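>>> Okay, here's the prediction I keep looking at, along with the sequence it came from:
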Amino acid sequence: MKRNEQPMKKKKCYLYTRVSTEAQAERYSLEAQSGRLYEYADYRELIIAGEYCDAGRSGKSIKGRPAFQQMMEDVVCQKDNIAYVMVFKLSRFGRNAADVLRSVQLLNDYGIDLISVDDAIDSSTQGGRFTLAILSAVAEIERENIIEQFMAGKTQKILDGKWPGGAIPYGYRSENKELVLVAGEAEIVRKIYKLYLRDGMGQILLLFT
């Protein structure tokens, strides 16, 4: 280093990790994400100024992720004057394309770039910004497909005369994810229906519902 030349100041970054359930695949576990991010920060010689983690949180919306919201608040407050927000994979940052792009724009407004390590995305480059837009849209399509498959499964259970899940109706109990009649309660339900079918009794029962 030349005389009077100042050493290059290391840039700071935030790390963000997320899993939607406890049963995430090993590659996407919080430990796996964090470990990979630490390795990459060390490779880029970045100072980790903060870590934010949403465990058991969906990427559908920002509203349900308190750690993500706190991170963005710290960005706006310029709490640590960071240069990057780092995630293991874009889907960990979010699965709603509109939310992802709005968040990235907010980061850019404060001179901060998003790095997705596994996707090799760096929003400081033109190619990175283009790839980011495409992958965020793909992540949202993937989320919508999961929802459609889930709803199709529930609908098929109803068509098959099976319990689709949710609150257990009065008169039944759950055994091995199957509904089983509770004799005493089921008899009360039968009596209510019989009373409802009698002339005039239906209107009286409606007054108590």
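Structure received. These figures come from a predicted structure and were not determined experimentally. Residues are numbered from 1 along each chain as shown.

>>> which stretches of this structure form strands?
In chain order, the chain shows strands spanning 12-19, 47-55, 84-87, 113-116, 121-122, 172-175, 178-181, with DSSP state E as the criterion.

>>> Now render those strands as a markdown table, adding distance to Phe130, mean neighbour count and mean pLDDT.
(Each C-beta comes from the backbone N, C-alpha and C, glycine too.) Compiled in a markdown table, the strands of the chain are given as follows (distance: least, CB to CB, whole Å; neighbours: other CB atoms under 10 Å; pLDDT from 0 to 100):
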| stretch | distance to Phe130 | mean neighbour count | mean pLDDT |
| --- | --- | --- | --- |
| strand 12-19 | 22 | 24 | 95 |
| strand 47-55 | 26 | 17 | 95 |
| strand 84-87 | 18 | 24 | 97 |
| strand 113-116 | 13 | 22 | 94 |
| strand 121-122 | 10 | 22 | 89 |
| strand 172-175 | 50 | 12 | 71 |
| strand 178-181 | 50 | 11 | 71 |
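
>>> Make TSV out of these and add distance to Ala98.
Rendered in TSV, the data for those read as follows (distance: least, CB to CB, whole Å):
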stretch	distance to Ala98
strand 12-19	18
strand 47-55	19
strand 84-87	18
strand 113-116	15
strand 121-122	18
strand 172-175	38
strand 178-181	39
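
>>> Looking at those strands, which is nearest to Asn96?
Nearest to Asn96 among those is strand 12-19 (13.0 Å), distances taken as CB to CB.

>>> and that closest one, what does it pack onto?
Contact analysis of strand 12-19 by 3 or more CB pairs under 8 Å, 6 or more residues apart in numbering; DSSP states H and E lists helix 30-43, strand 47-55, helix 66-76, strand 84-87, helix 90-93 as its packing neighbours.

>>> No further questions, thank you.
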